[in-house]
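S.K.: just coords:
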């Protein structure tokens, strides 16, 4: 009788385990976004130093850094490097300000971040003021309210990680496409600019 129930138990586990991971916030990040332009590409090497924290919220830079890193390292197309000299790209971030409106239960985080090509020192993109806002539940229990606020900050970190993750991969896809056009133009003895002038 026990042997007969094992296959059924295994089937239940196949459905239950992913559900538990989803409930805990786990996501197979590299499969969340399909970027056709990156198919077959070698991993892009990236260095991200610890974020700068210009607020009084202790440890916020570490929390945001870890969340962004989790998103980026979830992609098969991104390889983190421990040293900037070993990476093709440099990603830097700063937490500029935090606004806690306790009476309304909202938290507002302002950040800046940039991506630079280490080989050419060219700034690929730079966002000097990006704002993320979340609401949280206010209760009569100060500890519970603080817990809800921390949860809101964690969700903001997740939103930041997702935004940077998607933007980085889309940028790499666009650069890869442009390089392909340039190589095609060189192989045929012409360039997109030359063709457009004809």
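M.R.: Cool, the structure landed. Given the structure is predicted, the values throughout are model-derived calculations rather than measurements. Numbering: from 1, shown residues only.
S.K.: quick one, helices of this structure?
M.R.: Taking DSSP state H as the criterion, the chain carries its helices at 2-23, 60-73, 142-187, 192-197.
S.K.: is it true that residue 49 touches residue 92?
M.R.: Yes. Counting by CB atoms under 8 Å, residue 49 touches residue 92, with 6.4 Å between them. Backbone N, C-alpha and C define where each C-beta goes, glycine included.
S.K.: between these two, which one's more packed in?
M.R.: Taking other CB atoms under 10 Å, residue 49 and residue 92 do not tie; residue 92 has more neighbours (17 against 11).
S.K.: List the beta-bridge partners for that one.
M.R.: For residue 92, the beta-bridge partners are residue 114 (DSSP bridges).
S.K.: Return the residues in contact with it.
M.R.: 48, 49, 51, 113, 114, 116 (CB atoms under 8 Å, 6 or more residues apart in numbering).
S.K.: Leaving out sequence neighbours, find the closest residue to the last one.
M.R.: Excluding the flanking residues, the one nearest residue 116 by CB to CB, 6 or more residues apart in numbering is residue 90, at 4.6 Å.
S.K.: Residue 131 versus that neighbour, what's the distance?
M.R.: Separation of residue 90 from residue 131 (CB to CB, to the nearest Å) stands at 24 Å.
S.K.: For stretch 152-165, give the mean pLDDT please.
M.R.: Mean pLDDT, computed over stretch 152-165, is 95.
S.K.: quick one: buried residues of that stretch?
M.R.: Neighbour-count burial for stretch 152-165 flags 152, 153, 155, 156, 157, 158, 160, 161, 162, 163, 164, 165 (criterion: 16 or more other CB atoms under 10 Å).
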